[in-house]
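1. Only the shape, not the letters, is given here:
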């Protein structure tokens, strides 16, 4: 791994911590966490419809097999629905390579290629990917690597600060691991295509009932 590409977060306590998959559905927002900061962090990448009537906030790790299982179904639902705003929360808690992958994806945001990088990293097969494997996936995705290097260097502090905020928000919301999805006013873990559709429909129903 070219260490110029690694802007480590060891000081933030993110790399190498353990995680467990959260099961069940429960209220999403804890009083100790600024809801607006979770939903509208200006540095957090977003997808889908920016004016969508339902927001999904996805906390994930690129070395989480359950995140990879859910990613394609989530992307399909967001595309087909057309009225979902998706907020990406890179939360690299499993391995050092997870931190590297998050850095690559977040740096790609500055050339308008976050989702390209995100999809490439989620598409790596296997339970655990090395930093080298993640770097190769980014290269193969068509991201401008010279620009990526420059953005890692010039925006490294912003990238680190964003991941630290994501980490603090996840802990403040009582999350135990990845993936965790906030859908409307609820929190859940791994979902398939049908599960995401049902959760979005329920979020809309509850919003209409208010």
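-> Looks like it came in fine. Note that the coordinates shown come from a computational prediction; the quantities given were computed from them, not determined experimentally.
2. Can you give me the buried ones in stretch 138-150?
-> Buried residues in stretch 138-150, counted by 16 or more other CB atoms under 10 Å: 138, 141, 143, 148. Using the backbone N, CA and C atoms, a C-beta is placed for each residue, glycine as well.
3. Tell me which helix or strand the first one sits in.
-> Secondary structure here is read from DSSP states H and E; on that basis residue 138 sits in helix 131-140.
4. per-residue confidence averaged over the helix or strand that comes right after that helix?
-> Per DSSP H and E, the first helix or strand lying C-terminal to helix 131-140 is helix 145-154. For helix 145-154, mean pLDDT rounds to 97.
5. I'd like to know which elements helix 145-154 is packed against.
-> helix 96-108, helix 131-140 (3 or more CB pairs under 8 Å, 6 or more residues apart in numbering; DSSP states H and E).
6. what angle separates that helix from helix 131-140?
-> 120 degrees (axes from the mean of the first three to the mean of the last three CA atoms, to 10 degrees).
7. Now do helix 145-154: distance to the chain's middle.
-> Remark: helix 145-154 is offset 20 Å from the chain centroid, using CA atoms, centre = their mean, to the nearest Å.
8. Could you number the chain from 13 rather than 1 from now on?
-> Happy to do that; since the first residue is 13 now, the last one works out to helix 157-166.
9. Run the angle between it and helix 108-120 for me.
-> Inter-element angle recorded for helix 157-166 and helix 108-120: 100 degrees (by the same axes, to 10 degrees).
10. quick one: contacts for the closest residue to residue 125 other than its chain neighbours?
-> Nearest residue to residue 125, sequence neighbours excluded (CB to CB, 6 or more residues apart in numbering): residue 155, at 5.0 Å. Counting by CB atoms under 8 Å, 6 or more residues apart in numbering, residue 155 touches 120, 123, 125, 128, 129, 132.
11. Residue 44 contacts residue 184, doesn't it?
-> Yes: with contact defined as CB atoms under 8 Å, residue 44 counts as touching residue 184 (5.0 Å).
12. can you pull out the helices in this protein?
-> 47-51, 77-93, 108-120, 126-134, 143-152, 157-166, 168-184, 205-221 (DSSP state H).
13. Report the rounded mean pLDDT for the fourth one.
-> Averaged over helix 126-134, pLDDT sits at 98.
14. Just give me the neighbour total for residue 138.
-> 10 (other CB atoms under 10 Å).
15. swap in the one 5 residues further on?
-> Taking other CB under 10 Å as the neighbour definition, residue 143 ends up with a count of 21.
16. One more: residue 204?
-> 14.
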